[in-house]
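> predicted coordinates and the sequence they were generated for:
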Protein chains: 2
Amino acid sequence: MTFDPIARHSVSDQVFGRLRDAVVSGRYTAEEPLPSERELATLFGVNRHAVREALRRLQQLGLVRVSQGGATKVLDWRSTAGLDLAMTLAGAQDVLPVATLGRDVLEMRACIGADAARLCALRAEPAAREAIAAAVEAYGKAAPDLDRMGAADRDLWRRIVEGSGNIAYLLAFNSLTAGTLAIGSVPAHRRTAELLDVTAHRNLSELIAAGDAPGAEAAARALLAVPVLDEVRSPRR
Amino acid sequence: MTFDPIARHSVSDQVFGRLRDAVVSGRYTAEEPLPSERELATLFGVNRHAVREALRRLQQLGLVRVSQGGATKVLDWRSTAGLDLAMTLAGAQDVLPVATLGRDVLEMRACIGADAARLCALRAEPAAREAIAAAVEAYGKAAPDLDRMGAADRDLWRRIVEGSGNIAYLLAFNSLTAGTLAIGSVPAHRRTAELLDVTAHRNLSELIAAGDAPGAEAAARALLAVPVLDEVRSPRR
DNA sequence: CGGAGCCAACTGGTCCAACCAGTTGACGGG
DNA sequence: CCCGTCAACTGGTTGGACCAGTTGGCTCCG
């Protein structure tokens, strides 16, 4: 039995979480004004600065638009929020009016992973290719411990994405893997088959090392293919 | 001649920008502590609260890790920052130690656009398909005004991504198009050929309407292909 | 001399209170 | 009826005080 560190949420973190959930869940319609900072402060029973810090974060996520003198307006997050919004929605899936987020993340992972493998085979430096080979090696040695294999798998993919030389892919990879959401929280059994396939991973690494771009792309696509059998749903639904 | 609204940056915005540039440009190494909030406040000549708001935003971007009692540490943004970081790097490309960001964004756009078109052809609702057809229509009517065509093009792609039913793609699309960076700031001549190809757009729309997933994917991929001739560079380099 | 414990001096977190600076809308005079 | 004025909002900024957790040196005991 291991103990996870106790999560300590500061006041402004909690305010942020509440407001984020309220906005994402659709409690406010687009362009609807949020209560004033002073009002929110009294409602939550906290200081106005805490509310302000939370609002700044919401603003940066693209959930609200604040303007001096005028009220803070709620935005339509479907058209203004960035991918990092998914990062912050860790345990808040109850609120999200979207049941397919898990599947969506897997689809995006497959799409980007395949193209990253292609680009990596195309233009990775020799050092990067060696790093990938080493990562595959470590991955093989981690078997059959699923936790360690998962970590090694993430590490391997990170190196592939790095090897692609595409910063946007790298940042998107971070967005997808960060947060408890994303790949980590996907039911383990769905990824078991993928994780146990050491041979396929080794094959992918060799294709990249050989510079076979189409082959690497195909191998990555096969490895990351999203199962279509059961829907991915929040466990608490 | 049109006048753009004057950008008014609040104090905490400017502090945020300075600190973000400092971190992203590599002035601090990973795990290196940032000056204390009080120190930064005196350095910038602003109140501590403004510094705090800026730091919270940096924290959310994944650029720093703050912990009560301990110093605020700088993180390695290449492994912790999300895709939204690209959004905020609008005019700050001078600082970024990455010359390929423009190309990278285009590559990612092509990758996601193609898969979104595929999924859209696969599972979009009839209403969504009609919306796409209407968007193509509006796009055709916007010719030959490049600005209007660009806007109509973005609108069309938004509807395609929406039709794919993949929230992650939608958020990533927002991240890629938001900010002055991204597609908007790519030198116009690189996109002219793509924008003028009304026939290809119409073709893509029809493939989606017909539910031809492989065809739609191929058409989208051809339309969004990244030219390999010249490197995309920041204009000021 | 080595180690355990304490404590001062940091760090960030929160609060209060006041004032500045824009926006909005109602109200009154032309 | 229109237009300027102005009060009553909104967010933006400041100063200062105190709470809370971390860190590292320093003392004291073994």
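Nice, thanks for sending it over. Residues are numbered from 1 along each chain as shown, chains lettered A, B, ... in the order given.
> chain neighbours aside, what residue packs nearest to A:Glu53?
Counting by CB to CB, 6 or more residues apart in numbering or on different chains, A:Glu53 lies nearest to A:Ser12, which is 4.2 Å off, once chain neighbours are set aside. In this view, the C-beta of every residue, glycine as well, is placed from N, C-alpha and C.
> next, find the distance separating the one you found from B:Val226.
Note on A:Ser12: its distance to B:Val226, by CB to CB, to the nearest Å, is 41 Å.
> the two: which has the busier surroundings?
Remark: of A:Ser12 and B:Val226, A:Ser12 carries more neighbours, 23 against 16, as counted by other CB atoms under 10 Å in any protein chain shown.
> contacts only, for the more buried one.
With contacts defined as CB atoms under 8 Å, 6 or more residues apart in numbering or on different chains, A:Ser12 is in contact with A:Val46, A:His49, A:Ala50, A:Val51, A:Glu53, A:Ala54, B:Arg56.
> so which bits of the longest helix anywhere in chain A are buried?
When every helix of chain A is counted residue by residue (DSSP state H), the longest turns out to be helix A:101-123. Neighbour counts using 16 or more other CB atoms under 10 Å in any protein chain shown place A:101-122 of helix A:101-123 among the buried residues.
> centre-most residue in chain A?
Centre of chain A computed as the mean C-alpha position; nearest residue by CA atoms, centre = their mean is A:Leu176, 2.1 Å away.
> kindly report the residues of chain A close to DNA strand C.
Contact residues (CB under 7 Å from any atom of the strand) of chain A with DNA strand C: A:10-12, A:45-50, A:67-70.
> which member of those is positioned nearest chain B?
Closest approach between these and chain B, by CB to the nearest CB: A:His49, at 5.9 Å.
> wait, doesn't that closest one sit right on B:Asn47?
No - assessed by CB atoms under 8 Å, A:His49 is found out of contact with B:Asn47, at 10.7 Å.
> what about the two, which has more around it?
Between A:His49 and B:Asn47, counted using other CB under 10 Å, A:His49 has the larger neighbour count: 15 against 12.
> so who does that one touch?
A:His49 neighbours (CB under 8 Å, 6+ apart): A:Ser12, B:His49, B:Arg52.
> which ones among those residues are found in helices?
A:Ser12, B:His49, B:Arg52.
> need the pLDDT of the second one.
Think B:His49. Per-residue pLDDT puts B:His49 at 97.
> same question for the first one.
Per-residue confidence at A:Ser12 stands at 96 (pLDDT).
> now do the residue nearest to the centre of chain A, the pLDDT please.
A:Leu176 carries a pLDDT value of 90.
> and A:Thr88, by the same measure?
We have a pLDDT of 84 for A:Thr88.
> what about the strands in chain A?
Applying DSSP state E to chain A gives strands spanning A:64-65, A:73-74.
> does the first one reach chain B?
No - using CB under 8 Å from any CB of the partner chain, we find that strand A:64-65 stays clear of chain B, coming within 12.6 Å at best.
> which ones are touching A:Leu61?
Going by CB under 8 Å, 6+ apart, A:Leu61 touches A:Arg20, A:Trp77, A:Ala81, A:Gly82, A:Asp84, A:Leu85, A:Thr88, B:Gln60, B:Asp84.
> rank those by pLDDT and give me only the lowest.
Of all the contacts of A:Leu61, A:Thr88 carries the smallest pLDDT score, 84.
> now do that one against chain B, distance only.
Distance of A:Thr88 to chain B, computed by CB to the nearest CB, to the nearest Å: 8 Å.
> that residue: neighbour count?
The burial count for A:Thr88: 20, using other CB under 10 Å.
> then A:Glu31?
Other residues within reach of A:Glu31, judged by other CB under 10 Å, total 10.
> per-residue confidence at it?
pLDDT, read off for A:Glu31, is 93.
> filter the contacts of A:Leu61 down to the ones in helices?
Assigned to helices by DSSP H, the following of the contacts of A:Leu61 qualify: A:Arg20, A:Trp77, A:Asp84, A:Leu85, A:Thr88, B:Gln60, B:Asp84.
> what's near enough to touch the closest residue to A:Ala225 other than its chain neighbours?
Distances taken as CB to CB, 6+ apart place A:Ala110 nearest to A:Ala225, at 6.3 Å, with adjacent residues excluded. Contacts of A:Ala110 were listed using CB under 8 Å, 6+ apart, and they are A:Arg221, A:Leu224, A:Ala225, A:Val226.
> in chain A, which helix or strand is least confident?
One helix or strand of chain A scores below all others by mean pLDDT, DSSP states H and E: helix A:182-185, with a mean of 49.
> distance-wise, check the closest residue to A:Asn166 other than its chain neighbours relative to B:Ser25.
Once flanking residues are discounted, A:Asn166 sits nearest to B:Asp104: 4.5 Å by CB to CB, 6+ apart. Going from B:Asp104 to B:Ser25 by CB to CB gives 18 Å.
> same check on A:Ala114?
Distance, A:Ala114 to B:Ser25, using CB to CB: 32 Å.
> measure A:Gly140 to DNA strand C for me?
Separation of A:Gly140 from DNA strand C (CB to the nearest atom of the strand, to the nearest Å): 41 Å.
> shouldn't that residue be in contact with A:Ser205?
No - counting by CB under 8 Å, A:Ser205 is not a contact partner of A:Gly140; they are 10.1 Å apart.
> comparing the two, which residue is more hemmed in?
For the pair A:Gly140 and A:Ser205, the greater number of neighbours falls to A:Ser205 (24 against 14), based on other CB under 10 Å.
> re the thing from before, top of the residues of chain A next to DNA strand C by neighbour count?
Among the residues of chain A next to DNA strand C, the one with the most neighbours (other CB under 10 Å) is A:Ser12, at 23 neighbours.
> A:Thr100 is in contact with B:Ala168, isn't it?
No - assessed by CB under 8 Å, A:Thr100 is found out of contact with B:Ala168, at 9.3 Å.
> what's near enough to touch A:Gly163?
If you count contacts by CB under 8 Å, 6+ apart, then A:Gly163 has A:Ala116, A:Leu119, A:Cys120, A:Ala124, A:Glu125, A:Ala128, A:Arg129, A:Ala131, A:Ile132, A:Ile208 around it.
> can you do 6 Å?
A:Gly163 makes contact with A:Cys120, A:Ala124, A:Ala128 under the criterion CB atoms under 6 Å, 6 or more residues apart in numbering or on different chains.
> circling back to that earlier point, for the residue nearest to A:Asn166, give its distance to A:Ile132.
Applying CB to CB, the value for B:Asp104 to A:Ile132 is 19 Å.
> show me what from chain A comes close to chain B.
Proximity of chain A to chain B is confined to A:49, A:53, A:56-57, A:60, A:81-85, A:87, A:98, A:101, A:104-105, A:107-108, A:111, A:115, A:166-168, A:171-172, A:174-175 under the rule CB under 6 Å from any CB of the partner chain.
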